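1. No letters, just coordinates:
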C-alpha cells in the first residue's frame, strides 16, 4: 500500500545534499525508507529537487506499483545499465553513491559506463542519519513488534521443560513469534543454558536446559520494524551468587535507562551502566556495548557504548542491555527496547524484569 510519508523523507534527504546533484541509494533498508518498496532488488536515484526513480526487475513489476509513488523503471538487463541511462538524462553532474553498501562489481560497472563529465562521489550515512529519529508511524510499528515479541516469550515459556535442548526451545520461541505474525527473525534467537550463558551471542544447540540459568535473547520483524529483548529464566532454586549478579545487572540496566533523555550523550548512558557494575565488581565482566538503535534494521545508529558518538534525540528507539559474563559459571543480560521521548524515555518492552524462577 502506498503511503505519503516517503515523499517527505525524500525531500528531507535531498535537502541534505552537499557537493552532489543526485544520490544513488542501494541499501535495501534505505530504499524501503524512501519509497516503501520491499523487494530484494532495487536501486533509487534521488535528485536534488526531491524527484526519484526506482529501478527494479520484472519480478517486481506489480509489487513496485503497489508500494511506491516514485517513477518506476523495470530493467530488462542489470539495474546498473538502467541507472547509467538515467544518470545521463537527469542532468546531474556529481552523483553520490552509498559507499558503504554498493559492491565492487556494481561500482566498477557504473564507473566504466559513466558519460564524460559525470562523476561518482562516495557518500556515507546520509539516509541512516535520517532514520535514527522515528516518526509516529514508525514508533507505532516498533511498539507493535515489541509487544508481539514479548507475548511470544510468554507463550513459549508455557512449553519450557527441564531436559529440552536449547535448539528445541529456540524453535518454540520462533514458532510462537510466527504464530503472532512475525515476518521473520531480526537475528538468530539466542538460547543459552548454564555455563553457555557466558557466551553473549551463543547459538542454540544440543545443550540440555536446566536446572540452572537460561539466557534468552529474541527479536523479530513486524511490518518491517524490529524488536529486541533479553530475559533470564532460572530453572529450579537460584544460588545466592545468581541472585546477587542478577540484582547488579538489573540495577545497571535501570541506571542506564534513567540516563536516557534528549540531549544525553550516548557515552554517558553507557557509563551509567558501567559505574553500577563496577561498584559490584563486575566491570570487567561487561564485554559489549550498553545498547544500539533499531528500526528497519536490528542494529542501527546510535551505538550506546564507550566509543559511541553523538547525543540522543526524541524519537530514537534504542536498546539498553548491560550484562555480565563469567567463564565457567554463566552470564546474565537484561534488555529492553526504549523510546526517547521529549521528557525522557519510555520503556516499550512490557515483560517483567523481576527475577523469574521456573520450577
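-> Done, it's in. This one's a predicted model, so the numbers in the text were calculated from it and none came from an experiment. Numbers count the residues shown, from 1 in each chain.

2. For residue 147, which non-adjacent residue is closest in space?
-> Closest residue in space to residue 147, ignoring its immediate chain neighbours: residue 350 at 6.3 Å, by Cβ to Cβ, 6 or more residues apart in numbering. Backbone N, C-alpha and C define where each C-beta goes, glycine included.

3. For residue 22, grab the count of nearby residues.
-> 26 (other Cβ atoms under 10 Å).

4. ugh, wrong one, I meant residue 314
-> Other residues near residue 314 come to 16 when the count uses other Cβ under 10 Å.

5. tell me the contacts of the residue nearest to residue 147?
-> By Cβ atoms under 8 Å, 6 or more residues apart in numbering, the contact set of residue 350 is 146, 147, 150.

6. any idea how far it lies from residue 148?
-> Going from residue 350 to residue 148 by Cβ to Cβ, to the nearest Å gives 11 Å.

7. on that earlier part again, same list, the contacts of residue 350, but as TSV with neighbour count and pLDDT please.
-> Converted to TSV, these look like this (neighbours: other Cβ atoms under 10 Å; pLDDT from 0 to 100):
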residue	neighbour count	pLDDT
146	29	98
147	17	98
150	22	98
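
8. remind me which residues of the stretch 251-359 of the chain are low pLDDT?
-> Along the stretch 251-359 of the chain, segments meeting pLDDT under 70 are nowhere present.

9. So what's the residue count around residue 113?
-> 15.

10. With adjacent residues omitted, what lies nearest to it?
-> Per Cβ to Cβ, 6+ apart, closest to residue 113 is residue 84, 4.3 Å.

11. thinking again about what came up before, ok, of the contacts of residue 350, which one's closest to residue 305?
-> residue 146 (21.8 Å; Cβ to Cβ).

12. helix, strand or coil for residue 112?
-> At residue 112, secondary structure determined by DSSP: H, G, I helix; E, B strand; the rest coil is helix.

13. Please name the residues that touch it.
-> Residue 112 touches nothing, counting by Cβ under 8 Å, 6+ apart.

14. if we can go back for a sec, in a helix, the residue nearest to residue 113, correct?
-> Yes. According to three-state DSSP, residue 84 belongs to a helix.
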